[in-house]
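Enquirer: Model the structure of this input:
(chains A and B)
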2 protein chains.
Amino acid sequence: MPQNPDAFTRLINALKILPNVGPKSAQRMAYQLLQHSRSGAQELAEALQHALKQVHHCTRCNTFCEGGLCDICADQNRDPRRLMIVHMPADVSGMEAANCHDGLYFVLMGQVNPAQGMDLSHIALDKLVERLQNSEVEEIIIATNFTAEGDATAYVLSELFKNLPYKVSRLARGIPLGGELEYVDAGTLAQAVYERKMLKE
Amino acid sequence: MPQNPDAFTRLINALKILPNVGPKSAQRMAYQLLQHSRSGAQELAEALQHALKQVHHCTRCNTFCEGGLCDICADQNRDPRRLMIVHMPADVSGMEAANCHDGLYFVLMGQVNPAQGMDLSHIALDKLVERLQNSEVEEIIIATNFTAEGDATAYVLSELFKNLPYKVSRLARGIPLGGELEYVDAGTLAQAVYERKMLKE
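Expert: Numbers count the residues shown, from 1 in each chain, chains lettered A, B, ... in the order given. From the prediction side, this is the model:
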(Lines give C-alpha, C1' and ligand atoms only; values in the text may rest on other atoms or scores of the structure.)
Protein backbone atom coordinates (compact mmCIF):
# COMPACT_ATOMS: atom_id res chain seq x y z
CA MET A 1 0.00 0.00 0.00
CA PRO A 2 2.43 2.66 -1.17
CA GLN A 3 -0.10 5.47 -0.86
CA ASN A 4 -0.19 5.18 2.92
CA PRO A 5 2.20 7.57 4.56
CA ASP A 6 4.49 6.32 7.31
CA ALA A 7 2.68 7.85 10.30
CA PHE A 8 -0.64 6.48 9.07
CA THR A 9 0.79 2.99 8.47
CA ARG A 10 2.44 3.07 11.87
CA LEU A 11 -0.90 3.89 13.50
CA ILE A 12 -2.59 1.04 11.58
CA ASN A 13 0.08 -1.39 12.73
CA ALA A 14 -0.15 -0.14 16.31
CA LEU A 15 -3.94 -0.64 16.31
CA LYS A 16 -3.50 -4.28 15.28
CA ILE A 17 -2.27 -5.01 18.82
CA LEU A 18 -5.90 -4.73 19.96
CA PRO A 19 -7.77 -8.03 20.34
CA ASN A 20 -9.94 -9.02 17.36
CA VAL A 21 -8.58 -6.17 15.24
CA GLY A 22 -7.19 -7.28 11.89
CA PRO A 23 -5.67 -5.21 9.06
CA LYS A 24 -9.07 -4.10 7.68
CA SER A 25 -10.48 -2.99 11.04
CA ALA A 26 -7.22 -1.27 11.92
CA GLN A 27 -7.32 0.69 8.66
CA ARG A 28 -10.92 1.72 9.30
CA MET A 29 -10.12 2.71 12.90
CA ALA A 30 -7.12 4.81 11.87
CA TYR A 31 -9.25 6.59 9.25
CA GLN A 32 -12.05 7.18 11.76
CA LEU A 33 -9.67 8.53 14.40
CA LEU A 34 -7.76 10.90 12.12
CA GLN A 35 -10.69 12.09 10.02
CA HIS A 36 -13.62 12.20 12.44
CA SER A 37 -12.37 11.87 16.03
CA ARG A 38 -9.12 13.74 16.44
CA SER A 39 -10.03 14.81 19.98
CA GLY A 40 -10.98 11.20 20.76
CA ALA A 41 -7.64 10.04 19.39
CA GLN A 42 -5.84 12.57 21.56
CA GLU A 43 -7.78 11.42 24.62
CA LEU A 44 -7.04 7.76 23.78
CA ALA A 45 -3.31 8.46 23.57
CA GLU A 46 -3.37 10.26 26.91
CA ALA A 47 -5.59 7.65 28.59
CA LEU A 48 -3.16 4.92 27.46
CA GLN A 49 -0.16 6.78 28.88
CA HIS A 50 -2.03 7.54 32.11
CA ALA A 51 -3.21 3.95 32.55
CA LEU A 52 0.24 2.51 31.83
CA LYS A 53 1.63 4.70 34.59
CA GLN A 54 -1.19 4.52 37.16
CA VAL A 55 -2.83 1.11 36.96
CA HIS A 56 -1.33 -1.59 39.16
CA HIS A 57 -2.61 -4.84 40.62
CA CYS A 58 -4.63 -4.97 43.83
CA THR A 59 -2.29 -6.52 46.40
CA ARG A 60 -5.12 -8.72 47.63
CA CYS A 61 -7.24 -9.84 44.66
CA ASN A 62 -4.85 -9.05 41.78
CA THR A 63 -7.38 -6.99 39.76
CA PHE A 64 -6.45 -3.62 38.26
CA CYS A 65 -6.49 -0.68 40.67
CA GLU A 66 -4.65 2.52 41.33
CA GLY A 67 -3.96 2.30 45.05
CA GLY A 68 -2.83 -0.74 47.03
CA LEU A 69 -6.30 -2.25 47.53
CA CYS A 70 -9.25 -2.23 45.12
CA ASP A 71 -12.67 -0.96 46.20
CA ILE A 72 -14.13 -4.43 46.70
CA CYS A 73 -11.22 -5.74 48.80
CA ALA A 74 -11.33 -2.53 50.87
CA ASP A 75 -15.09 -2.92 51.48
CA GLN A 76 -15.67 -4.14 55.07
CA ASN A 77 -19.20 -5.29 54.22
CA ARG A 78 -18.11 -8.09 51.88
CA ASP A 79 -18.08 -11.61 53.29
CA PRO A 80 -14.42 -12.69 53.53
CA ARG A 81 -15.37 -16.36 53.81
CA ARG A 82 -16.38 -16.74 50.16
CA LEU A 83 -13.77 -16.22 47.47
CA MET A 84 -14.71 -16.26 43.78
CA ILE A 85 -11.88 -16.91 41.31
CA VAL A 86 -12.27 -15.33 37.87
CA HIS A 87 -10.22 -14.90 34.71
CA MET A 88 -10.17 -11.12 34.27
CA PRO A 89 -11.50 -7.80 35.63
CA ALA A 90 -14.45 -7.81 33.20
CA ASP A 91 -15.72 -10.97 34.90
CA VAL A 92 -15.74 -9.15 38.25
CA SER A 93 -17.80 -6.36 36.64
CA GLY A 94 -20.23 -8.91 35.24
CA MET A 95 -20.67 -10.65 38.59
CA GLU A 96 -21.14 -7.34 40.39
CA ALA A 97 -23.77 -6.32 37.83
CA ALA A 98 -25.57 -9.64 38.46
CA ASN A 99 -25.47 -8.84 42.19
CA CYS A 100 -25.17 -12.51 43.15
CA HIS A 101 -21.93 -12.67 45.16
CA ASP A 102 -21.25 -10.78 48.36
CA GLY A 103 -17.86 -12.34 49.00
CA LEU A 104 -14.47 -11.36 47.64
CA TYR A 105 -12.73 -12.08 44.34
CA PHE A 106 -9.41 -13.27 43.08
CA VAL A 107 -8.50 -12.37 39.51
CA LEU A 108 -6.16 -14.81 37.74
CA MET A 109 -5.41 -12.32 34.93
CA GLY A 110 -5.10 -15.17 32.49
CA GLN A 111 -6.17 -18.69 31.58
CA VAL A 112 -4.42 -22.00 31.14
CA ASN A 113 -4.24 -22.95 27.48
CA PRO A 114 -4.50 -26.72 27.02
CA ALA A 115 -3.45 -26.37 23.37
CA GLN A 116 -0.16 -24.83 24.48
CA GLY A 117 0.96 -27.39 27.04
CA MET A 118 -1.00 -26.24 30.11
CA ASP A 119 1.56 -23.50 30.83
CA LEU A 120 0.72 -22.24 34.33
CA SER A 121 2.73 -19.02 34.03
CA HIS A 122 -0.29 -17.21 32.52
CA ILE A 123 -2.30 -17.37 35.74
CA ALA A 124 -1.40 -15.80 39.08
CA LEU A 125 -1.21 -19.06 41.05
CA ASP A 126 1.55 -17.89 43.38
CA LYS A 127 -0.44 -14.80 44.31
CA LEU A 128 -3.52 -16.95 44.87
CA VAL A 129 -1.66 -19.29 47.24
CA GLU A 130 -0.27 -16.26 49.07
CA ARG A 131 -3.76 -14.74 49.21
CA LEU A 132 -5.17 -17.87 50.86
CA GLN A 133 -2.51 -18.09 53.57
CA ASN A 134 -3.90 -17.05 56.96
CA SER A 135 -7.14 -15.94 55.29
CA GLU A 136 -10.71 -16.36 56.49
CA VAL A 137 -11.73 -18.08 53.25
CA GLU A 138 -13.98 -21.12 53.73
CA GLU A 139 -15.54 -21.54 50.30
CA ILE A 140 -13.99 -21.09 46.87
CA ILE A 141 -16.19 -20.57 43.81
CA ILE A 142 -14.40 -21.26 40.55
CA ALA A 143 -15.96 -18.91 38.01
CA THR A 144 -13.83 -19.52 34.93
CA ASN A 145 -15.27 -19.64 31.41
CA PHE A 146 -16.92 -22.72 29.96
CA THR A 147 -14.36 -22.93 27.19
CA ALA A 148 -11.38 -25.23 26.70
CA GLU A 149 -9.18 -22.65 28.47
CA GLY A 150 -11.69 -22.06 31.26
CA ASP A 151 -12.16 -25.79 31.82
CA ALA A 152 -8.39 -26.35 31.92
CA THR A 153 -8.00 -23.49 34.40
CA ALA A 154 -10.79 -24.90 36.56
CA TYR A 155 -9.07 -28.29 36.50
CA VAL A 156 -5.75 -26.80 37.60
CA LEU A 157 -7.49 -24.93 40.42
CA SER A 158 -9.46 -27.96 41.59
CA GLU A 159 -6.21 -29.98 41.70
CA LEU A 160 -4.58 -27.21 43.71
CA PHE A 161 -7.39 -27.24 46.28
CA LYS A 162 -7.75 -31.04 46.41
CA ASN A 163 -6.15 -31.53 49.79
CA LEU A 164 -6.90 -28.13 51.24
CA PRO A 165 -9.76 -27.56 53.70
CA TYR A 166 -11.99 -25.44 51.44
CA LYS A 167 -15.44 -26.05 50.06
CA VAL A 168 -14.90 -25.74 46.29
CA SER A 169 -17.60 -25.25 43.66
CA ARG A 170 -17.85 -24.24 40.03
CA LEU A 171 -20.59 -22.25 38.27
CA ALA A 172 -23.58 -24.27 37.09
CA ARG A 173 -23.82 -25.22 33.44
CA GLY A 174 -27.19 -25.37 31.66
CA ILE A 175 -29.76 -23.58 29.55
CA PRO A 176 -29.39 -19.79 29.79
CA LEU A 177 -32.21 -17.68 31.23
CA GLY A 178 -34.85 -17.07 28.55
CA GLY A 179 -33.25 -19.82 26.49
CA GLU A 180 -35.54 -21.70 24.12
CA LEU A 181 -34.47 -25.29 23.61
CA GLU A 182 -34.90 -24.93 19.85
CA TYR A 183 -32.00 -22.48 19.70
CA VAL A 184 -29.69 -23.99 22.31
CA ASP A 185 -26.64 -25.82 20.94
CA ALA A 186 -26.34 -29.59 21.32
CA GLY A 187 -23.46 -29.47 23.82
CA THR A 188 -25.35 -27.18 26.18
CA LEU A 189 -28.48 -29.30 25.85
CA ALA A 190 -26.57 -32.48 26.69
CA GLN A 191 -24.90 -30.81 29.67
CA ALA A 192 -28.27 -29.56 30.91
CA VAL A 193 -29.60 -33.12 30.82
CA TYR A 194 -26.53 -34.67 32.53
CA GLU A 195 -26.61 -32.04 35.26
CA ARG A 196 -30.40 -31.92 35.54
CA LYS A 197 -31.73 -30.70 38.87
CA MET A 198 -33.81 -33.26 40.78
CA LEU A 199 -37.13 -31.79 41.85
CA LYS A 200 -38.47 -34.93 43.51
CA GLU A 201 -36.66 -38.22 44.23
CA MET B 1 -18.51 -0.81 38.22
CA PRO B 2 -16.95 0.52 41.41
CA GLN B 3 -14.02 -1.90 41.31
CA ASN B 4 -12.59 -0.23 38.22
CA PRO B 5 -10.01 2.37 39.08
CA ASP B 6 -10.18 5.74 37.41
CA ALA B 7 -7.29 5.35 34.99
CA PHE B 8 -8.65 1.98 33.85
CA THR B 9 -12.19 3.34 33.38
CA ARG B 10 -10.81 6.32 31.51
CA LEU B 11 -8.94 4.00 29.14
CA ILE B 12 -12.11 1.94 28.59
CA ASN B 13 -14.09 5.08 27.78
CA ALA B 14 -11.36 6.35 25.47
CA LEU B 15 -11.34 3.05 23.56
CA LYS B 16 -15.08 3.36 22.91
CA ILE B 17 -14.30 6.12 20.40
CA LEU B 18 -13.11 3.36 18.02
CA PRO B 19 -15.65 2.24 15.40
CA ASN B 20 -17.60 -0.90 16.32
CA VAL B 21 -16.17 -0.97 19.83
CA GLY B 22 -18.81 -1.12 22.56
CA PRO B 23 -18.41 -1.26 26.36
CA LYS B 24 -17.65 -5.01 26.41
CA SER B 25 -15.01 -4.89 23.67
CA ALA B 26 -13.47 -1.78 25.21
CA GLN B 27 -13.16 -3.52 28.56
CA ARG B 28 -11.54 -6.53 26.94
CA MET B 29 -9.16 -4.33 24.95
CA ALA B 30 -8.12 -2.35 28.03
CA TYR B 31 -7.45 -5.58 29.91
CA GLN B 32 -5.48 -7.01 26.99
CA LEU B 33 -3.37 -3.86 26.61
CA LEU B 34 -2.51 -3.46 30.29
CA GLN B 35 -2.05 -7.11 31.14
CA HIS B 36 -0.53 -8.63 28.02
CA SER B 37 0.63 -5.87 25.64
CA ARG B 38 2.10 -3.01 27.63
CA SER B 39 4.73 -2.33 24.97
CA GLY B 40 2.00 -2.44 22.32
CA ALA B 41 -0.05 0.03 24.34
CA GLN B 42 2.95 2.33 24.61
CA GLU B 43 3.53 2.12 20.85
CA LEU B 44 -0.18 2.77 20.18
CA ALA B 45 -0.11 5.90 22.33
CA GLU B 46 2.98 7.18 20.53
CA ALA B 47 1.69 6.24 17.06
CA LEU B 48 -1.53 8.17 17.79
CA GLN B 49 0.37 11.28 18.87
CA HIS B 50 2.72 11.01 15.89
CA ALA B 51 -0.12 10.53 13.40
CA LEU B 52 -2.14 13.41 14.85
CA LYS B 53 0.87 15.66 14.33
CA GLN B 54 2.19 14.34 11.00
CA VAL B 55 -0.73 13.16 8.89
CA HIS B 56 -2.34 15.76 6.64
CA HIS B 57 -4.39 15.61 3.47
CA CYS B 58 -2.83 15.28 0.03
CA THR B 59 -3.32 18.68 -1.61
CA ARG B 60 -4.40 16.95 -4.81
CA CYS B 61 -6.47 13.86 -3.97
CA ASN B 62 -7.33 14.59 -0.32
CA THR B 63 -6.11 11.22 1.04
CA PHE B 64 -3.91 11.02 4.13
CA CYS B 65 -0.23 11.75 3.57
CA GLU B 66 2.68 13.35 5.33
CA GLY B 67 4.08 15.65 2.66
CA GLY B 68 2.14 17.85 0.25
CA LEU B 69 1.46 15.15 -2.36
CA CYS B 70 0.73 11.46 -1.79
CA ASP B 71 2.73 8.77 -3.59
CA ILE B 72 0.07 8.09 -6.20
CA CYS B 73 -0.50 11.75 -7.10
CA ALA B 74 3.28 12.23 -7.31
CA ASP B 75 3.65 9.21 -9.62
CA GLN B 76 4.24 10.45 -13.20
CA ASN B 77 3.27 7.07 -14.65
CA ARG B 78 -0.39 7.29 -13.62
CA ASP B 79 -2.88 8.33 -16.27
CA PRO B 80 -4.14 11.82 -15.31
CA ARG B 81 -7.18 11.51 -17.61
CA ARG B 82 -9.03 9.00 -15.42
CA LEU B 83 -10.10 10.03 -11.92
CA MET B 84 -11.66 7.55 -9.51
CA ILE B 85 -13.68 9.01 -6.65
CA VAL B 86 -13.78 6.95 -3.44
CA HIS B 87 -15.05 7.28 0.10
CA MET B 88 -11.90 6.73 2.17
CA PRO B 89 -8.20 5.81 2.02
CA ALA B 90 -8.94 2.09 2.58
CA ASP B 91 -10.82 2.08 -0.73
CA VAL B 92 -7.72 3.37 -2.50
CA SER B 93 -5.71 0.52 -0.95
CA GLY B 94 -8.32 -1.98 -2.09
CA MET B 95 -8.32 -0.69 -5.66
CA GLU B 96 -4.53 -0.65 -5.78
CA ALA B 97 -4.46 -4.24 -4.53
CA ALA B 98 -6.92 -5.17 -7.32
CA ASN B 99 -4.53 -3.52 -9.79
CA CYS B 100 -7.39 -2.41 -12.04
CA HIS B 101 -7.02 1.38 -12.21
CA ASP B 102 -3.98 3.22 -13.53
CA GLY B 103 -5.50 6.68 -13.19
CA LEU B 104 -5.61 8.97 -10.18
CA TYR B 105 -7.95 9.10 -7.19
CA PHE B 106 -9.96 11.60 -5.27
CA VAL B 107 -10.87 10.69 -1.68
CA LEU B 108 -14.08 12.24 -0.38
CA MET B 109 -13.23 11.37 3.25
CA GLY B 110 -16.89 10.88 3.99
CA GLN B 111 -20.29 9.90 2.64
CA VAL B 112 -23.63 11.62 2.25
CA ASN B 113 -26.14 10.22 4.75
CA PRO B 114 -29.66 10.22 3.28
CA ALA B 115 -31.11 9.46 6.73
CA GLN B 116 -29.64 12.72 8.03
CA GLY B 117 -30.87 15.12 5.40
CA MET B 118 -28.25 14.66 2.66
CA ASP B 119 -25.81 16.95 4.48
CA LEU B 120 -23.02 17.63 1.98
CA SER B 121 -20.54 18.92 4.56
CA HIS B 122 -19.25 15.38 5.19
CA ILE B 123 -17.72 15.07 1.74
CA ALA B 124 -14.93 17.19 0.28
CA LEU B 125 -16.97 18.58 -2.64
CA ASP B 126 -15.21 21.97 -2.66
CA LYS B 127 -11.83 20.29 -2.88
CA LEU B 128 -13.11 18.05 -5.67
CA VAL B 129 -14.33 21.02 -7.72
CA GLU B 130 -10.99 22.74 -7.13
CA ARG B 131 -9.17 19.54 -8.14
CA LEU B 132 -11.05 19.38 -11.45
CA GLN B 133 -10.34 22.99 -12.43
CA ASN B 134 -7.74 23.17 -15.20
CA SER B 135 -7.12 19.43 -14.89
CA GLU B 136 -6.52 16.84 -17.61
CA VAL B 137 -9.39 14.66 -16.32
CA GLU B 138 -11.58 13.22 -19.07
CA GLU B 139 -13.32 10.35 -17.30
CA ILE B 140 -14.65 10.11 -13.77
CA ILE B 141 -15.29 6.73 -12.16
CA ILE B 142 -17.58 6.92 -9.15
CA ALA B 143 -16.45 4.13 -6.82
CA THR B 144 -18.62 4.70 -3.76
CA ASN B 145 -20.13 1.86 -1.74
CA PHE B 146 -23.33 0.09 -2.77
CA THR B 147 -25.05 1.13 0.45
CA ALA B 148 -27.67 3.81 1.11
CA GLU B 149 -24.86 6.26 1.90
CA GLY B 150 -22.78 5.24 -1.11
CA ASP B 151 -25.79 5.49 -3.44
CA ALA B 152 -26.67 8.94 -2.08
CA THR B 153 -23.08 10.08 -2.53
CA ALA B 154 -23.02 8.74 -6.09
CA TYR B 155 -26.26 10.60 -6.80
CA VAL B 156 -24.84 13.88 -5.49
CA LEU B 157 -21.71 13.40 -7.60
CA SER B 158 -23.64 12.53 -10.75
CA GLU B 159 -25.77 15.66 -10.30
CA LEU B 160 -22.59 17.70 -9.88
CA PHE B 161 -21.14 16.37 -13.13
CA LYS B 162 -24.40 16.51 -15.09
CA ASN B 163 -23.51 19.53 -17.22
CA LEU B 164 -19.76 19.14 -17.12
CA PRO B 165 -17.81 17.64 -20.04
CA TYR B 166 -16.69 14.42 -18.36
CA LYS B 167 -17.43 10.81 -19.10
CA VAL B 168 -18.92 9.57 -15.82
CA SER B 169 -19.34 5.94 -14.78
CA ARG B 170 -20.05 3.95 -11.64
CA LEU B 171 -18.75 0.52 -10.60
CA ALA B 172 -20.75 -2.42 -11.91
CA ARG B 173 -23.20 -4.16 -9.64
CA GLY B 174 -23.76 -7.90 -9.83
CA ILE B 175 -22.84 -11.33 -8.55
CA PRO B 176 -19.42 -11.34 -6.87
CA LEU B 177 -16.60 -13.42 -8.30
CA GLY B 178 -16.98 -17.03 -7.19
CA GLY B 179 -20.52 -16.25 -6.09
CA GLU B 180 -22.98 -19.14 -6.16
CA LEU B 181 -26.52 -17.99 -6.90
CA GLU B 182 -27.83 -20.12 -4.03
CA TYR B 183 -26.05 -17.91 -1.48
CA VAL B 184 -26.48 -14.51 -3.13
CA ASP B 185 -29.06 -12.22 -1.49
CA ALA B 186 -32.26 -11.36 -3.35
CA GLY B 187 -31.37 -7.68 -3.90
CA THR B 188 -28.07 -8.54 -5.57
CA LEU B 189 -29.74 -11.23 -7.68
CA ALA B 190 -32.41 -8.78 -8.87
CA GLN B 191 -29.78 -6.16 -9.67
CA ALA B 192 -27.74 -8.71 -11.61
CA VAL B 193 -30.79 -9.51 -13.74
CA TYR B 194 -31.75 -5.86 -14.34
CA GLU B 195 -28.19 -4.98 -15.32
CA ARG B 196 -27.53 -8.20 -17.20
CA LYS B 197 -24.82 -8.01 -19.81
CA MET B 198 -25.99 -8.68 -23.36
CA LEU B 199 -23.80 -11.28 -25.06
CA LYS B 200 -25.69 -11.34 -28.34
CA GLU B 201 -28.49 -9.05 -29.53
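Enquirer: Quick one: the strands in chain A, in order.
Expert: For chain A, the strands defined by DSSP state E cover A:56-57, A:64-65, A:79-86, A:103-107, A:139-142, A:167-170.
Enquirer: which stretches of chain A form helices?
Expert: With DSSP state H, the ranges of helices along chain A come out as A:6-15, A:23-36, A:38-54, A:71-74, A:89-98, A:125-132, A:148-161, A:186-194.
Enquirer: who wins for proximity to residue B:87 among the ones you listed?
Expert: Of all the helices of chain A, helix A:23-36 sits nearest to residue B:87, with 9.5 Å by Cβ to Cβ. Any C-beta I mention is one placed from the backbone N, CA and C, and that applies to glycine too.
Enquirer: Which one, of the strands of chain A, ends up nearest to residue A:15?
Expert: The nearest among these, by Cβ to Cβ, is strand A:64-65 at 21.7 Å.
Enquirer: Remind me what the closest one packs against, helices and strands.
Expert: Counting contacts by 3 or more Cβ pairs under 8 Å, 6 or more residues apart in numbering or on different chains; DSSP states H and E, strand A:64-65 packs against strand A:56-57.
Enquirer: returning to that earlier point: hey, which of the helices of chain A is tucked in deepest?
Expert: helix A:6-15 (a mean of 22; mean count of other Cβ atoms under 10 Å in any protein chain shown).
Enquirer: List the contacts of the most centrally placed residue in chain A.
Expert: Central residue of chain A (Cα atoms, centre = their mean): residue A:88, 2.2 Å from the mean position. Contacts for residue A:88 (Cβ atoms under 8 Å, 6 or more residues apart in numbering or on different chains) come out as A:107-110, B:28, B:31, B:35.
Enquirer: of all those, which two lie farthest apart?
Expert: Taking Cβ to Cβ as the measure, these have their most distant pair in A:108 and B:28, spaced 15.3 Å apart.
Enquirer: In chain A, where is pLDDT below threshold?
Expert: A:1-5, A:199-201 (pLDDT under 70).
Enquirer: So it: which segments form each domain?
Expert: A:7-54, A:65-200 (automatic domain parsing).
Enquirer: Any chance of JSON lines for the strands of chain A, columns mean neighbour count?
Expert: Formatted as JSON lines, the strands of chain A follow (neighbours: other Cβ atoms under 10 Å in any protein chain shown):
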{"stretch": "strand A:56-57", "mean neighbour count": "16"}
{"stretch": "strand A:64-65", "mean neighbour count": "27"}
{"stretch": "strand A:79-86", "mean neighbour count": "20"}
{"stretch": "strand A:103-107", "mean neighbour count": "24"}
{"stretch": "strand A:139-142", "mean neighbour count": "19"}
{"stretch": "strand A:167-170", "mean neighbour count": "15"}
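Enquirer: Of the ones you listed, give the one that comes closest to residue A:71.
Expert: When these are compared (using Cβ to Cβ), the closest one is strand A:64-65, at 7.5 Å.
Enquirer: List the pairing partners of the closest one within its sheet, with orientation.
Expert: Each strand paired with strand A:64-65, and its direction, by DSSP bridges: strand A:56-57 (antiparallel).
Enquirer: Show residues contacting the strand it pairs with.
Expert: A:63-66, A:109.
Enquirer: Briefly note if stretch A:149-163 comes near chain B.
Expert: No - taking Cβ under 8 Å from any Cβ of the partner chain as the criterion, stretch A:149-163 and chain B are apart, separated by no less than 13.8 Å.
Enquirer: what separates that stretch from the chain centre, distance-wise?
Expert: A distance of 16 Å separates the centroid of the chain from that of stretch A:149-163, by Cα atoms, centre = their mean, to the nearest Å.
Enquirer: contacts for that stretch?
Expert: A:85, A:87, A:108, A:111-114, A:118, A:120, A:123, A:125, A:128-129, A:140, A:142, A:144-145, A:168, A:170.
Enquirer: would you list the helices of chain A in a markdown table and tack on distance to residue B:71?
Expert: Listed next are those as a markdown table, based on distance: least, Cβ to Cβ, whole Å:
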| stretch | distance to residue B:71 |
| --- | --- |
| helix A:6-15 | 11 |
| helix A:23-36 | 16 |
| helix A:38-54 | 23 |
| helix A:71-74 | 52 |
| helix A:89-98 | 42 |
| helix A:125-132 | 51 |
| helix A:148-161 | 44 |
| helix A:186-194 | 52 |
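Enquirer: Select, out of these, the one closest to residue B:176.
Expert: helix A:23-36 (16.6 Å).
Enquirer: and the angle for the closest one with helix B:89-98?
Expert: 140 degrees (axes from the mean of the first three to the mean of the last three Cα atoms, to 10 degrees).
Enquirer: Helix A:23-36 near chain B at all?
Expert: Yes - using Cβ under 8 Å from any Cβ, helix A:23-36 reaches chain B at A:24-25, A:27-35.
Enquirer: same deal with stretch A:137-145?
Expert: No - Stretch A:137-145 stays clear of chain B (Cβ under 8 Å from any Cβ), getting no nearer than 12.5 Å.
Enquirer: Next: stretch A:37-52.
Expert: Yes - judged by Cβ under 8 Å from any Cβ, stretch A:37-52 and chain B are in contact via A:37-38, A:40-52.
Enquirer: Verify the contact between residue A:48 and residue B:40 for me.
Expert: No - taking contacts as Cβ atoms under 8 Å, residue A:48 lies outside contact range of residue B:40: 9.9 Å.
Enquirer: where do the contact lists of these two overlap?
Expert: Shared contacts of residue A:48 and residue B:40, defined by Cβ under 8 Å, 6+ apart, are found at residue B:33.
Enquirer: about what we covered before: between the contacts of residue A:88, which sits nearest residue B:178?
Expert: Set against residue B:178, the nearest of those by Cβ to Cβ is residue B:28 (33.7 Å).
Enquirer: mind checking how far that closest one is from chain A?
Expert: The gap separating residue B:28 from chain A is 6 Å, by Cβ to the nearest Cβ, to the nearest Å.
Enquirer: Surely that residue touches residue A:87?
Expert: No - contact between residue B:28 and residue A:87 fails when scored by Cβ under 8 Å: they sit 10.9 Å apart.
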